[in-house]
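Asker: got a sequence here, can you model it:
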Amino acid sequence: MQNCWVTGSKCTGIGSWGHKHVTIQNNLIEHDGTSTRYDHGIYATGKGLVVTGNIVRHNSACGIDMTTQGPAQSTLSGNLIYDNLINLFLEGTWAASRSRTIRS
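Answerer: Purely as a prediction, here's the structure:
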């Protein structure tokens with residue numbers, strides 16, 4: 001998903017569950033969700049995820065919640081994340097692998 005304005009969703013702004021090689025790039029994601037527990041700006045799980053160049057702000061729960069699975073390289077870089085309940089939450093194999101890039 002690229003170059004979109006995602007706003008006013010009653011749930012998560014952009015979601016991708018268990019897919020491989022998903023790119024979420026250059027989007028404005030704001031004012032999404034009603035639940036402070038489940039509704040994130042971006043929620044993505046999978047292998048080889050690329051989340052880059054997004055502005056993620058004013059969402060009910062996490063700005064970005066990412067879970068990586070397995071050894072495929074995932075990249076989180078160049079994102080502006082602010083004014084969410086929790087700005088960034090990473091799960092999965094981020095800490096166990098050297099093939100991750102985090103520069104948000």
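
Asker: so who does the residue nearest to residue 60 when sequence neighbours are not counted touch?
Answerer: Spatially, and ignoring its direct neighbours in sequence, residue 60 is nearest to residue 33 (3.4 Å; Cβ to Cβ, 6 or more residues apart in numbering). Bear in mind the C-beta positions are built from the backbone N, C-alpha and C, glycine included. Remark: with contacts taken as Cβ atoms under 8 Å, 6 or more residues apart in numbering, residue 33 is in contact with 9-13, 39-40, 59-61.

Asker: likewise for residue 9?
Answerer: Residues in contact with residue 9 (Cβ under 8 Å, 6+ apart) are 32-33, 39.

Asker: if I look at it, how far off is residue 43?
Answerer: 11 Å (Cβ to Cβ, to the nearest Å).

Asker: what about the strands in the chain?
Answerer: Assigned by DSSP state E, the chain shows strands spanning 5-7, 14-20, 23-25, 28-30, 42-47, 50-52, 55-57, 62-68, 74-77, 80-82, 86-92, 100-103.

Asker: thanks again, I'm all set now.
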